[in-house]
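**Student:** structure, please.
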Amino acid sequence: MSDQALASEVGGRIEQLRLEANITQKTIADQLGITAKTYRSTIQGHGKFETMIGILRVLGKLELVDAFVPETPLSPLMLMELKGRKRKRAAPAKEEVVSMDDEKDDLGW
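**Tutor:** Residues are numbered from 1 along each chain as shown. Here you go, the predicted model:
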């Protein structure tokens with residue numbers, strides 16, 4: 001499934017939540033301070049993530065954001081290694097080191 005198709009699928013599910021709550025698109029748009037066109041665009045997968053979160057807030061379904069990307073606690077070993085600091089960067093993949101002995105064995109003939 002493409003990113004756009006997945007975004008449209010999520011938007012469709014949120015739209016179903018709106019219908020089940022019996023709230024109009026205009027009501028949600030007015031509460032968020034956006035136009036109905038922006039609401040429809042967001043539901044079709046073309047809007048900002050921030051707008052989608054606002055829609056979920058109006059629908060009373062903000063807990064779905066936590067289910068979407070749950071918080072992952074650090075392992076105890078990682079906490080000890082970081083000494084209480086939060087990690088801010090990912091480390092680059094370590095490259096395989098070629099020793100001089102390996103180069104002598106393979107002359108490339």
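
**Student:** find the residue at the geometric middle of this structure.
**Tutor:** residue 69 (6.4 Å; CA atoms, centre = their mean).

**Student:** how close does it sit to residue 59?
**Tutor:** 18 Å (CB to CB, to the nearest Å). The C-beta positions use only the backbone N, C-alpha and C, and glycine is treated the same way.

**Student:** repeat for residue 38
**Tutor:** According to CB to CB, residue 38 stands 16 Å off from residue 59.

**Student:** low-confidence ranges, this structure, go.
**Tutor:** The chain contains residues with pLDDT under 70 at 74, 82, 84-90, 96-109.

**Student:** again, only this time at 80
**Tutor:** Within the chain, the segments meeting pLDDT under 80 span 72-109.

**Student:** now the element after the longest helix seen in it, going C-ward?
**Tutor:** Taking DSSP state H as the criterion, the chain has its longest helix at helix 3-21. Next helix or strand after helix 3-21 toward the C-terminus (DSSP states H and E): helix 25-32.
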